[in-house]
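[1] structure, please.
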Amino acid sequence: MRIDGLVSSLLQRNGSDLQLKVGAPAVRVRGLLYYLEGYEVLRPMDTEELLKEIIPQNLVGELEEELGAAPAQQGAEAQFGLRGALAI
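    Numbering: from 1, shown residues only. Alright, predicted model coming up:
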C-alpha cells in the first residue's frame, strides 16, 4: 500500500480528510467517514511506513524521540495534518 493510491482515492471522492490508523483507511466526505474498500487492514508498521513517505525525516526522528520508540513498536497513533488537504 502506498500513500499516493490512498490520496487518489481521497481526491476521486472529493474528500476533505484521509484517515490512516490501525484498522482500515478512511476518507471524510461532506462530514461523513467512509472506509475505503479494497485495502488491507493497516497494522502499526504499515501506518508508520505511510507516514515516512510524506513527512521530512527530521519529523520522523522527532516523533520517535517523543514516543521513546518507533510508533509501530509502541502501537501508538500519531496525527499530522496538511490543512485542508490531508490528515494523518
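
[2] which residues are in contact with the spatially most central residue of the chain?
    Geometric centre of the chain, nearest residue: Leu20, 3.3 Å, by Cα atoms, centre = their mean. The neighbours of Leu20, taking Cβ atoms under 8 Å, 6 or more residues apart in numbering as the test, are 6, 42, 47, 50-51, 88. C-beta here means a position set from N, CA and C on the backbone, and glycine is covered the same way.

[3] report the separation between it and Glu53.
    Note on Leu20: its distance to Glu53, by Cβ to Cβ, to the nearest Å, is 11 Å.

[4] same thing with Val29?
    Val29 sits 23 Å away from Glu53 when distances are taken as Cβ to Cβ.

[5] repeat that for Glu62.
    For Glu62, the distance to Glu53 equals 17 Å [Cβ to Cβ].

[6] just curious, which of the contacts of Leu20 is nearest to Gln12?
    Among those, Leu6 lies closest to Gln12 (Cβ to Cβ), at 10.8 Å.

[7] element containing that closest one, please.
    Secondary structure from DSSP states H and E places Leu6 in helix 3-12.

[8] neighbouring strands of the following helix or strand past that helix in the sheet, and parallel or not?
    Sequence-wise, the next helix or strand beyond helix 3-12 is strand 17-19, with elements assigned using DSSP H and E. Note on strand 17-19: by DSSP bridges, its sheet partners are strand 26-29 (antiparallel).
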